[in-house]
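Asker: need a structure here:
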Amino acid sequence: MAEITAKMVKDLRAKTGAGMMDCKKALVEANGDEEKAIEVLRKKGLANADKKGSRNAAEGVVHITISDDYKTATISEINCETDFVAKNADFQTFVTETTEHIQKTEPVDVEALLNGEFKGAKFEEELKTIIAKIGENIVVRRFATIKADENGVVNGYVHMGGKVGVVLAAACDKPETADAIKDALKDIAMHAAAMAPKYLNPEAIPAEDIEKEKEIAKAQLLKEGKPENVVEKIIPGKIKKYFAEVCLTEQEYVKAEKKESVAEALQKAAKAAGGEAKLVDFIRFEVGEGLVKNACNMADEVAKALGE
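Answerer: Here you go, the predicted model:
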């Protein structure tokens, strides 16, 4: 039996909002495994299904670059130590140039980027130069590129000065449709930035995750006293609701005048242009996802920025 520490209980409570004793019991039942403990709490109806424990951590910027023909979209996250540097003009320029460079050279990963050429020198050396100039550690954390086919189109959106970024791609029946839905696609990227979907569509969800949701829904319904035969009839509706929460295409579109899904909103825009379209890819980055933020108050950051 794993030792259940006060910190483990505290961390689980922060992630789920459940009571201290409930968290301790769940950890005991899960033999100290936090993820399993969260499942235990959810089955007992004591935890919010989507409440996440990972908090935004490192400072930095998410940047996007859209090609002139709207066929290629690149998104990057580049981290620094403080919000002051994230807003620094030299840092911002470096981020923009790096993202454009990534789109042009298509490195397979961060290591390939660092070892490649940039402005006539090795990228890693240029990175060291900007670090020395700014006075903070800078890390190219991740990047990705999506492309549209001959009749498709890409677009994107950056929110809160680079705290959140989204790029997405749509397949269309003809080039004219692709040109007509560019703005609609940007609006959907804005929606994705705000609503944080986990998946493009239901087909993108791993089968085991869907089964897990069914198990949790069943456990909750049985706990409520619902008969087994009634539970089986309710579960499909629960899963449909789950899709509407986590899938971009199934989410209720925030800019719709009347209730409609994101997929329906895009199709409406395409139909207005005499064509058809559907979302085929999307990527959403949020600065610091999953990282641990250094404890630093405003006074500390000001002092650091002034070189004190």
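
Asker: Make sure residue 107 is indeed in a helix.
Answerer: No - looking at residue 107 with DSSP: H, G, I helix; E, B strand; the rest coil, it is coil, so not inside a helix.

Asker: how many other residues sit next to it?
Answerer: Neighbour count of residue 107, defined by other C-beta atoms under 10 Å: 17. C-betas here are computed from N, CA, C, even on glycine.

Asker: so it makes contact with residue 116?
Answerer: Yes - here residue 107 reaches residue 116: they are 5.7 Å apart, a contact under C-beta atoms under 8 Å.

Asker: quick one: common contacting residues for the two?
Answerer: Contact criterion C-beta atoms under 8 Å, 6 or more residues apart in numbering; residues shared by residue 107 and residue 116: none found.

Asker: And the top helix by length along the chain, what does it pack against?
Answerer: What stands out as the longest helix in the chain, according to DSSP state H, is helix 228-246. Applying 3 or more C-beta pairs under 8 Å, 6 or more residues apart in numbering; DSSP states H and E, we find helix 228-246 packed against helix 207-223.

Asker: Can you tell me the SS state at the residue nearest to residue 96 when sequence neighbours are not counted?
Answerer: Of all residues not flanking residue 96 in the chain, residue 63 sits nearest, at 6.1 Å (C-beta to C-beta, 6 or more residues apart in numbering). Judged by three-state DSSP, the three-state class of residue 63 is strand.

Asker: Look at residue 184 and say how many residues are nearby.
Answerer: Quick note: residue 184 (other C-beta under 10 Å) scores 22 neighbours.

Asker: can you check residue 224 too?
Answerer: Neighbour count of residue 224, defined by other C-beta under 10 Å: 10.

Asker: now do residue 100
Answerer: Residue 100: 15 surrounding residues under other C-beta under 10 Å.

Asker: cool, and the one 4 residues further on?
Answerer: Residue 104 is flanked by 11 other residues according to other C-beta under 10 Å.

Asker: does it count as helix, strand or coil?
Answerer: Following three-state DSSP, the label given to residue 104 is helix.

Asker: what about stretch 172-180, average pLDDT?
Answerer: For stretch 172-180, the mean per-residue pLDDT is 97.

Asker: So the closest residue to residue 126 other than its chain neighbours versus residue 142, what's the distance?
Answerer: Spatially, and ignoring its direct neighbours in sequence, residue 126 is nearest to residue 118 (5.1 Å; C-beta to C-beta, 6+ apart). Residue 118 is 17 Å from residue 142, where distance means C-beta to C-beta, to the nearest Å.

Asker: Over to residue 250?
Answerer: 26 Å.

Asker: who has more neighbours, the two?
Answerer: Taking other C-beta under 10 Å, residue 250 and residue 142 do not tie; residue 250 has more neighbours (21 against 16).

Asker: Name all residues that make contact with the more buried one.
Answerer: 201-202, 243-244, 261-263.

Asker: Surely it forms part of a helix?
Answerer: No - membership of residue 250 in a helix is not supported by three-state DSSP, which gives coil.

Asker: Please enumerate the strands of the stretch 151-300 of the chain.
Answerer: In the stretch 151-300 of the chain, the strands defined using DSSP state E, counting those that start in this stretch lie at 153-159, 164-172, 277-286.

Asker: Could you identify which of those strands is most buried?
Answerer: strand 164-172 (a mean of 25; mean count of other C-beta atoms under 10 Å).

Asker: from the chain's centre, how far out does stretch 33-49 sit?
Answerer: 22 Å (C-alpha atoms, centre = their mean, to the nearest Å).

Asker: err, stretch 272-282, not the other one
Answerer: Stretch 272-282 sits 22 Å away from the centroid of its parent chain (C-alpha atoms, centre = their mean).

Asker: Done for today, thanks.
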